[in-house]
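A.B. asks: Need the 3D shape of this:
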Amino acid sequence: MVANQGKNIILSVVSFIIGIVLFVESYKLFSIESVDGTGIGVYVLGLQISDAVPKENLSFYAIAFLLVGMFLVITSVVFIRKIYKKR
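C.D. replies: Okay, the predicted model is just below:
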């Protein structure tokens with residue numbers, strides 16, 4: 001049972017960190033003011049999401065990253081609280 005709790009804690013911490021990274025990426029996309037050329041490349045955790053996103057569509061990506069980040073942070077906090085309440 002203890003080993004399973006350790007795995008759950010590690011998974012929750014990793015998802016919390018990924019959620020924070022998505023928050024930061026969302027902030028970066030919201031704060032972009034000018035795009036030169038056909039668009040901007042969107043990268044998350046070193047992975048290319050899209051090669052050339054027009055400025056009009058940046059808000060879609062920013063909102064999506066924000067929502068996924070919020071989901072990951074909230075679920076990881078809930079899981080960690082449940083794990084520590086069982087102890």
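
A.B. asks: contacting residues around the residue nearest the centre of the chain?
C.D. replies: Compute the mean C-alpha point of the chain, and by Cα atoms, centre = their mean the closest residue is Leu22, 2.6 Å away. Taking Cβ atoms under 8 Å, 6 or more residues apart in numbering as the criterion, Leu22 is in contact with 44, 65-66, 68-69, 72. Every C-beta, even on glycine, is put in place using the N, C-alpha and C of the backbone.

A.B. asks: CA atoms of stretch 68-83 as CSV?
C.D. replies: Only the C-alpha atoms of stretch 68-83 are listed here, as CSV (Å, rounded to 0.1, in the frame of the first residue of the first chain):
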residue,chain,number,x,y,z
VAL,A,68,-5.4,22.0,-19.2
GLY,A,69,-2.9,23.5,-16.7
MET,A,70,-5.7,24.4,-14.3
PHE,A,71,-7.1,20.9,-14.6
LEU,A,72,-3.7,19.3,-13.9
VAL,A,73,-2.9,21.5,-10.9
ILE,A,74,-6.4,21.1,-9.3
THR,A,75,-6.4,17.3,-9.8
SER,A,76,-2.9,16.9,-8.4
VAL,A,77,-3.7,19.0,-5.3
VAL,A,78,-6.9,17.0,-4.7
PHE,A,79,-5.0,13.7,-5.1
ILE,A,80,-2.2,14.8,-2.7
ARG,A,81,-4.7,15.9,-0.1
LYS,A,82,-6.5,12.6,-0.3
ILE,A,83,-3.3,10.7,0.1
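
A.B. asks: ok, and for that stretch, which residues are buried?
C.D. replies: Within stretch 68-83, the residues that count as buried by 16 or more other Cβ atoms under 10 Å are 68-69, 72-73, 76, 79-80.
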